[in-house]
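kindly generate the corresponding structure for this input.
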Amino acid sequence: MSFPWLTTTLVLPLVGALVVAMLPQREGGTKDLPQKVALGFSVVTFLVSAAIAVMYDANGARFQFVEEHVWIKSFGAHYAVGVDGIGLTLVVLTAILSPVVILASWRDGDTGRWSPRVFFAWMLALEGLAIGVFAATDVFLFYVLFEATLIPIYFLIGGYGGPRRSYAAVKFLLYSLLGGLLMLASVVGLYVISARTAAGPTYLFSQLSQISIDPITQRWLFLGFFIAFAIKAPMFPVHTWLPDAAAQGTPGTSVLLVSILDKIGTFGMIRYCLGLFPDASRWATPVVLVLAVVSVLYGALLAIGQNNIPRLIAYTSVSHFGFIVLGVFVLNTQGQSGSTLYMFNHGLSTAALFLVTGFLIKRRNSQLISDFGGVEKTAPILAGLFLVAGLSSLSLPGLSPFVSEFLVLVGAFVHSFWYAVFAVLGIVLAALYILLMYQRTMTGPTRPELAGIKDLDLREVAALAPLLVLIVVLGFYPRPLTAIVNPAVRATLVQVGVQDPPPTVPAATGAEQENPQ
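Numbering: from 1, shown residues only. Model prediction:
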């Protein structure tokens with residue numbers, strides 16, 4: 001039996017969460033012990049995930065590092081995990097961001113309802129559950145882990161957030177539970193359908209994807225999954241929980257929520273909506289594309305009008321997730337490759353933006369843009385890293401999100417000229433909301449309250465450095481990601497039953513036909 005790489009990557013953070021939760025209270029020589037232990041477990045998890053990425057064969061089987069064990073025999077449920085290029089990309093993203101968030105959140109657990117031990121234990125638990133979601137190849141296992149990820153985020157927001165943390169945590173939970181109930185109905189429907197086959201009931205993705213489901217039933221099952229994923233993503237009009245959660249959560253919590261947890265929504269659309277319900281996906285494409293474009297423009301416009309920094313970043317993510325969904329449902333390789341890269345690169349850029357603005361907010365004890373001004377004169381390192389993170393968020397050429405956005409737009413143009421035109425407006429608006437935020441906080445005369453503001457310390461720079469290095473390197477050389485992602489995208493489109501349109505070649509004129517040379 002081969003080594004259980006994915007199970008190890010999943011279990012390590014969960015074991016770490018238990019260890020951290022059982023540590024003694026912070027006293028004397030045990031100061032910062034929860035942070036150090038949590039960081040150690042997250043770094044080891046990253047190293048294991050990096051080993052998986054190195055060993056992954058992009059030209060090999062679609063799902064690799066597969067493990068499959070009977071879980072509930074009578075129910076047809078299995079503990080089944082495996083990754084294709086899309087899942088692997090998101091597993092690695094989760095493993096990269098978790099130690100970064102822990103390092104950046106070193107003191108964020110000190111002022112909550114519970115001790116720092118609980119804060120960092122929930123962070124590790126979320127990492128393990130998220131990796132499990134991206135690796136699951138059994139629909140029932142995916143659903144269980146999908147719902148379980150709500151628990152750590154609920155307690156991270158409700159226990160360590162701002163003054164309206166209870167409201168934000170409950171609102172997030174209610175929206176998510178509504179989506180989960182709709183998905184559960186579709187999961188039960190899949191069980192009933194599979195039970196009628198000769199093979200008997202099953203939740204294995206590999207078997208469910210081979211079952212023929214009539215078009216009407218497909219549409220109902222598709223809607224249950226899609227609405228749950230749209231809430232998680234988040235998409236217009238079921239996005240309203242996100243700005244409240246981002247504004248009330250700590251910066252690290254917001255990173256885990258937007259850069260990791262919300263990716264489950266768009267990942268689920270690719271894996272389960274397209275993979276299990278191809279006819280229904282094609283049927284729903286026009287409406288989904290309209291909602292995606294509305295999300296792009298609506299999120300960008302609301303971001304421009306925000307005075308609260310975390311809420312502004314949350315609305316930018318609504319816009320960015322619109323781009324990701326647009327890439328998924330244009331149903332061509334350019335769009336889907338772009339959307340998968342966008343998930344990874346958006347995770348990096350938004351994490352950097354949340355963290356650097358979080359450092360800024362702590363120094364002023366205010367989230368309002370109007371309370372800042374002239375910070376670049378007293379904290380030039382903070383201002384410089386803020387600028388790079390902001391330019392990454394608006395997809396400046398040379399930074400990694402640009403490649404993703406460019407591919408999504410190419411895919412949109414191939415599918416329909418008008419969807420692409422409206423999406424391009426989102427790029428223009430992105431320049432406005434990012435540059436205006438930077439101008440109002442960093443430039444101009446320094447406000448008297450900010451005259452003595454301290455620049456970033458070594459720990460804060462160390463937390464941001466890996467993200468910014470990856471943003472720059474992948475901006476110039478995205479091949480390590482595209483080589484892994486593209487085969488999985490092609491396999492997904494084959495499963496949906498679509499193919500890229502052939503390139504159009506202009507007809508030769510009469511003179512060209514007579515003189516081909």
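
what ranges does the stretch 251-400 of the chain have for its helices?
251-255, 263-268, 275-276, 278-304, 309-329, 333-364, 375-378, 380-393, 400-415 (DSSP state H, counting those that start in this stretch).

by contact count, what packs against the second one?
Which is helix 263-268. Helices and strands touching helix 263-268, as assessed by 3 or more Cβ pairs under 8 Å, 6 or more residues apart in numbering; DSSP states H and E, comprise helix 85-104, helix 116-135, helix 139-148, helix 215-232, helix 309-329, helix 333-364. Where C-beta positions appear, they are placed from N, C-alpha and C, glycine not excepted.

off-centre distance for the fifth one?
Here the centre of helix 309-329 is set off from its chain's centre by 10 Å, with Cα atoms, centre = their mean, to the nearest Å.

and for the fourth one?
Mean-position distance between helix 215-232 and its chain equals 20 Å (Cα atoms, centre = their mean).

so which of the helices of the stretch 251-400 of the chain is nearest residue 435?
Closest of the helices of the stretch 251-400 of the chain to residue 435 is helix 380-393, at 7.5 Å (criterion: Cβ to Cβ).

can you verify residue 237 is assigned to a strand?
No: under DSSP: H, G, I helix; E, B strand; the rest coil, residue 237 sits outside any strand and is assigned coil.

next one: residue 286 from residue 443, what distance?
44 Å (Cβ to Cβ, to the nearest Å).

let me fix that: residue 41
Counting by Cβ to Cβ, the gap from residue 41 to residue 443 is 41 Å.

tell me which of the two has more neighbours.
Neighbours per residue (other Cβ atoms under 10 Å) separate residue 41 from residue 443, with residue 41 holding more: 25 against 14.

that one against residue 14, yeah?
No: with contact defined as Cβ atoms under 8 Å, residue 41 does not reach residue 14; the gap is 9.4 Å.

thinking again about what came up before, adding distance to residue 474 and mean neighbour count, write the helices of the stretch 251-400 of the chain out as JSON lines.
Formatted as JSON lines, these follow (distance: least, Cβ to Cβ, whole Å; neighbours: other Cβ atoms under 10 Å):
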{"stretch": "helix 251-255", "distance to residue 474": "18", "mean neighbour count": "29"}
{"stretch": "helix 263-268", "distance to residue 474": "17", "mean neighbour count": "24"}
{"stretch": "helix 275-276", "distance to residue 474": "27", "mean neighbour count": "20"}
{"stretch": "helix 278-304", "distance to residue 474": "22", "mean neighbour count": "20"}
{"stretch": "helix 309-329", "distance to residue 474": "16", "mean neighbour count": "28"}
{"stretch": "helix 333-364", "distance to residue 474": "7", "mean neighbour count": "26"}
{"stretch": "helix 375-378", "distance to residue 474": "27", "mean neighbour count": "19"}
{"stretch": "helix 380-393", "distance to residue 474": "10", "mean neighbour count": "21"}
{"stretch": "helix 400-415", "distance to residue 474": "4", "mean neighbour count": "23"}
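
got JSON lines for those, with mean pLDDT and distance to residue 203 too?
Shown next, in JSON lines, are those (pLDDT from 0 to 100; distance: least, Cβ to Cβ, whole Å):
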{"stretch": "helix 251-255", "mean pLDDT": "93", "distance to residue 203": "31"}
{"stretch": "helix 263-268", "mean pLDDT": "93", "distance to residue 203": "15"}
{"stretch": "helix 275-276", "mean pLDDT": "90", "distance to residue 203": "11"}
{"stretch": "helix 278-304", "mean pLDDT": "93", "distance to residue 203": "18"}
{"stretch": "helix 309-329", "mean pLDDT": "93", "distance to residue 203": "23"}
{"stretch": "helix 333-364", "mean pLDDT": "92", "distance to residue 203": "24"}
{"stretch": "helix 375-378", "mean pLDDT": "89", "distance to residue 203": "52"}
{"stretch": "helix 380-393", "mean pLDDT": "92", "distance to residue 203": "38"}
{"stretch": "helix 400-415", "mean pLDDT": "91", "distance to residue 203": "31"}
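
contacting residues around the nearest residue to residue 392 once chain neighbours are set aside?
Residue nearest to residue 392 in three dimensions, not counting chain neighbours: residue 349, with 3.9 Å by Cβ to Cβ, 6 or more residues apart in numbering. Neighbour list for residue 349: 389, 392-393, 399-401, 467, 471 [criterion: Cβ atoms under 8 Å, 6 or more residues apart in numbering].

ok, now how distant is the nearest residue to residue 101 once chain neighbours are set aside from residue 303?
Closest residue to residue 101 apart from its sequence neighbours, by Cβ to Cβ, 6+ apart: residue 252 at 4.2 Å. From residue 252 over to residue 303 the distance is 21 Å, taken as Cβ to Cβ.

name the nearest residue to residue 295, ignoring sequence neighbours.
residue 322 (3.1 Å).

I figured that neighbour hits residue 427, correct?
No: in this structure residue 322 lies outside contact range of residue 427 using Cβ under 8 Å: 11.8 Å.

just to revisit the earlier point, between the helices and strands packed on helix 263-268, which one is closest to residue 487.
Per Cβ to Cβ, nearest to residue 487 of the helices and strands packed on helix 263-268: helix 85-104, 5.9 Å.

the closest one: how far from the chain's middle?
Using Cα atoms, centre = their mean, the offset of helix 85-104 from its chain centre is 10 Å.
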